[in-house]
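**Q** coords below, sequence missing:
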C-alpha cells in the first residue's frame, strides 16, 4: 500500500525541476550493454593491432600504414599528429624514452625517434627472417617474438645500430613475451609457454616448457604469478616462483579468446576478441572474479591501460577508449546447459522451465545463477515440444503424457515446482508444437492442423471447444491476446483471428510480409514479426480486418525470437545479439540497448531483472538485465532530458510504483527522489 505524500515533497520536486532545467543533459546513446564509460574511438586507415601510450601521445601499430601517432590530450577526440610508414606491416609498438620500437612483421624491428611526436625519424632497424610481432626492452636488450620463430634477442643499446644476438628456432606459433629478473616468458599458441634464463642474452637457456590445452595466445606476469589465455580454454594462473617447475593455481573459463593481456595492479585487462574487453579481479590469484565486460566495435586484439583509460586495438575498427574507473556490474551472471533438443523454455523469477524432446519437462532453480540445478522433472520418456506458464499452472504440448495417448495438451500444477503434478490432458492432434494462454482459454497451434481452442477453466478436465484448419498447414508461430490470435503462416504471411467467441474462431484477415516470417509477439493491438532476413516488421492490428504495416526495423542478422514485456521488445538475432527496443510508440521503435551473446542467439525470455538468452552452443545465458538498460530514461527514448524528470514527478505525485525506486517499497520518500537524481546526473550508457 502506498503512503500519503510527505509535506516536503513539493519543495523537493521544485529543486528537481531546477536541476532538470539548469544542469547539462545527461546522455544515453542506446547501446547500454556496451559500456557505461565509453569515451570515444578513432578509426585508423588500416587495421589496428597495437597501442602504446607515452604522455599525451598514443602510438598505434596500424598494419600497412605503419606507425600512427595521435594526440590524446582529449581522449574523446584523438587528433592525428604524424604517420611513419614502416617498410613492412606494423603489428605492435613499444615506446620508451622518446624511442618507438615497432615490430614490423617480415621487416623485423624498426626503431623510430619520436622525441618530437609530430616529426618521427628513423633511427635503425634489423631483420632476421622472422615475422616480428611482440617486443619488450630491458637494460638495452630487446626481446622480440614472432609468429614463425621463437625468442629473439637484440642489442638496442645503440638504437641507430641494433645488433641481432640470438634466435631460438625451435619454437613455432609464438605469442607475446614478458621479462622479469633475467627470465623471459614466451607464449606459444602451439604448446603453452616457455621460460628462458636470459642472464646472457647471447645464449638464452630454456628452463621449462609448460603445455596448455589450446596453447597460450597471450601472457601477463606479476611477480611470481603468470597469467595465460588460450582459445576456448579461458584464463589460467601459474605459480612461477620456481621457474623450472610452474604450478597451476586456478582457471577462469568465461572468456572467448583472450587475445591480449595487460595487468594493472590487481586488475587484468583482457582483449577478448569478439567478446570485447573483459576486466578480471586478480587480487587473489586462486579466486578470479569478473569485474566488468565492455563490448567493442570489432575484434579486440590488444589493450593498453593508462590513467583509468583502456585503449583497445579493434583490428578493423581502429582504437576504442573506455573509462573503467567505475566499472559496471557484470552482465552475464551464469548459464544453463539444456538437454539435447530443447524446443521451448519459459522463465518465472528464478525458475526456468525447459521443454525437451529427449528429457521431458524440467524445472531449473537459478536462484544462484552460477550454479543452476534441476529441481524436478516429469517423465523423461515424454517428448515435450512447447509450453506456457500462467499463474500456478504449466501448459505443456507433448507426446504421450499418458502412455499411448499421442499428442496432448497437459496441465501441470507448479505451485510446488519441486514436485510437478499432472492434473489433466486433452488430445490436440498431430504436429502440435506450442500453446498460448489467455484467461481460461488455451490456443494450441499445429504445423499441419491449424489452431485448436481449449477450455482450461477446469485444469483437471481441459476440453477442446473449437478448431480452425483451412489454409493453416504451414504455421510457424502464434500469439494470443485480447480475444485475438496472430499467427505466422510461412506461405501466407500473418493471419489474424477473432476469438471473442472462443467456440467459433473467425479468420479476419491476412497480410503478406516482405520476407519469410518466423516468430511473432502480439499484444492484442500491435504485432511484432521477426523474419529470417534480419527484419522486424511492426503491424497495427487494432482493426483485425484491416491490419497495416507501421515500420520495419533492421537487425544485424536473421531474427529468431521476440519477447514483448510492457513497452520493451527483446529480439534474439542469429548474429549473436539481443536487441532491446523501446516500442512505447510502435511507429518509431528506439534502440535502448543490446547484449552480445558471443554465439547465435535463438531465444529470449524475461523474468524481472533477468534475461534468459538461448544460444546455439553456449546454453541459456543468464543476464543481469539492469546492466543493459537505463532506469532514469522513463519515457524510453534513449535520451535523458527534462521530459524524464517530468515523468518521474508525475509518477511520484500519482504515487505509482514507477517512482518507488528504493526500499522501503510502498513509501514514496526522499530516498526515491535521491535515487532518481543520482541515476539521472550520472547519465546512462
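**A** Yep, that arrived. Not measured: the values here are computed from a predicted model.
**Q** so which residue is dead centre in this protein?
**A** Nearest to the mean C-alpha position of the chain, counting by CA atoms, centre = their mean, stands residue 596 at 2.7 Å.
**Q** skip the chain neighbours and tell me the closest residue to that one.
**A** Excluding its sequence neighbours, the residue lying closest to residue 596 (CB to CB, 6 or more residues apart in numbering) is residue 295, at 5.0 Å. Any C-beta I mention is one placed from the backbone N, CA and C, and that applies to glycine too.
**Q** can you report how many residues lie near that neighbour?
**A** 21 (other CB atoms under 10 Å).
**Q** am I right that it is in contact with residue 274?
**A** No - taking contacts as CB atoms under 8 Å, residue 295 lies outside contact range of residue 274: 9.3 Å.
**Q** quickly list what's touching both of those two.
**A** Common contacts of residue 295 and residue 274, defined by CB atoms under 8 Å, 6 or more residues apart in numbering, comprise residue 596.
**Q** what pLDDT, on average, does stretch 188-206 get?
**A** Averaging pLDDT along stretch 188-206 yields 94.
**Q** ok, and what's touching that stretch?
**A** So stretch 188-206 is contacted by 141, 143, 150-151, 153, 155, 165-166, 168, 171-175, 179, 182-187, 207-212, 215-217, 219, 226, 228, 230, 240, 243-244, 246 (CB under 8 Å, 6+ apart).
**Q** excluding its backbone neighbours, what's nearest the residue of the chain most remote from its centre?
**A** For the chain, the C-alpha farthest from the mean C-alpha position belongs to residue 161; by CA atoms, centre = their mean, that distance is 48.2 Å. Nearest non-adjacent residue to residue 161, counting by CB to CB, 6+ apart: residue 124, 5.7 Å away.
**Q** and residue 122, by the same measure?
**A** residue 112 (6.1 Å).
**Q** quick one, helices of the stretch 1-150 of the chain?
**A** For the stretch 1-150 of the chain, the helices defined by DSSP state H, counting those that start in this stretch occupy 9-22.
**Q** low-confidence ranges, it, go.
**A** 1-38 (pLDDT under 70).
**Q** change it to 80
**A** By pLDDT under 80, the low-scoring segments of the stretch 1-150 of the chain are 1-40, 147-148.
**Q** just give me the neighbour total for residue 250.
**A** Neighbour number of residue 250 under other CB under 10 Å is 17.
**Q** hang on, the earlier thing: so the residue nearest to the centre of the chain bridges to which residues?
**A** residue 577 (DSSP bridges).
**Q** these two touch, right, it and residue 276?
**A** Yes - at 7.2 Å, residue 596 counts as touching residue 276 under the criterion of CB under 8 Å.
**Q** what residues are shared contacts of those two?
**A** residue 295.
**Q** and the helices in the stretch 251-400 of the chain, which stretches?
**A** Going by DSSP H, counting those that start in this stretch, the stretch 251-400 of the chain shows no helices.
**Q** let me know the secondary structure of residue 673.
**A** With DSSP: H, G, I helix; E, B strand; the rest coil as the basis, residue 673 sits in helix.
**Q** state the pLDDT value of the closest residue to residue 493 other than its chain neighbours.
**A** Closest residue in space to residue 493, ignoring its immediate chain neighbours: residue 512 at 3.8 Å, by CB to CB, 6+ apart. You'll see residue 512 listed with a pLDDT of 88.
**Q** quick check: which ranges of the stretch 401-550 of the chain have low pLDDT?
**A** 401-407, 430-431, 447-449, 470-474, 490-492, 514-515.
**Q** sorry, back to before: helix, strand, or coil at the residue farthest from the centre of the chain?
**A** coil.
**Q** try residue 645
**A** helix.
**Q** relative to residue 633, how far out is it?
**A** 11 Å (CB to CB, to the nearest Å).
**Q** so which of the two has more stuff around it?
**A** Neighbour totals were compared for residue 645 and residue 633, and residue 633 leads with 25 against 22 (other CB under 10 Å).
**Q** the more buried one touches residue 590, doesn't it?
**A** No - look at residue 633 against residue 590 with CB under 8 Å: they stay out of range, at 9.5 Å.
**Q** so who does residue 49 touch?
**A** Applying CB under 8 Å, 6+ apart, the residues near residue 49 are 61, 62, 63, 90, 91, 92, 301, 302, 313, 315.
**Q** so what does the second one have for phi and psi?
**A** In terms of degrees, to the nearest 10, the main-chain angles of residue 62 are phi -120, psi 60.
**Q** just checking, it touches residue 42?
**A** No - when contacts are counted by CB under 8 Å, residue 62 is not listed as touching residue 42 (10.2 Å).
**Q** more neighbours: these two, which one.
**A** Neighbour tally, residue 62 and residue 42, criterion other CB under 10 Å: the higher count belongs to residue 62, 26 against 22.
**Q** in contact with that one, which residues are there?
**A** 44, 45, 46, 47, 48, 49, 68, 90.
**Q** by neighbours, which of those residues wins?
**A** Neighbour max across the contacts of residue 62 (other CB under 10 Å) = residue 90, 32 neighbours.
**Q** for that residue, what are its contacts?
**A** 49-50, 61-63, 65-67, 102-105, 110.
**Q** between those, which sits nearest residue 677?
**A** Closest to residue 677 out of these is residue 50 (42.1 Å), distances taken as CB to CB.
**Q** residues touching the closest one, list them.
**A** Applying CB under 8 Å, 6+ apart, the residues near residue 50 are 60, 61, 90, 91, 92, 93, 301, 302, 304, 313.
**Q** same thing with residue 576?
**A** 274, 556, 596, 597, 598, 599, 600, 601, 615.
**Q** phi and psi next, for the closest residue to the second one other than its chain neighbours.
**A** Closest residue to residue 556 apart from its sequence neighbours, by CB to CB, 6+ apart: residue 575 at 4.1 Å. Main-chain dihedrals, residue 575, degrees, to the nearest 10: phi -80, psi 0.
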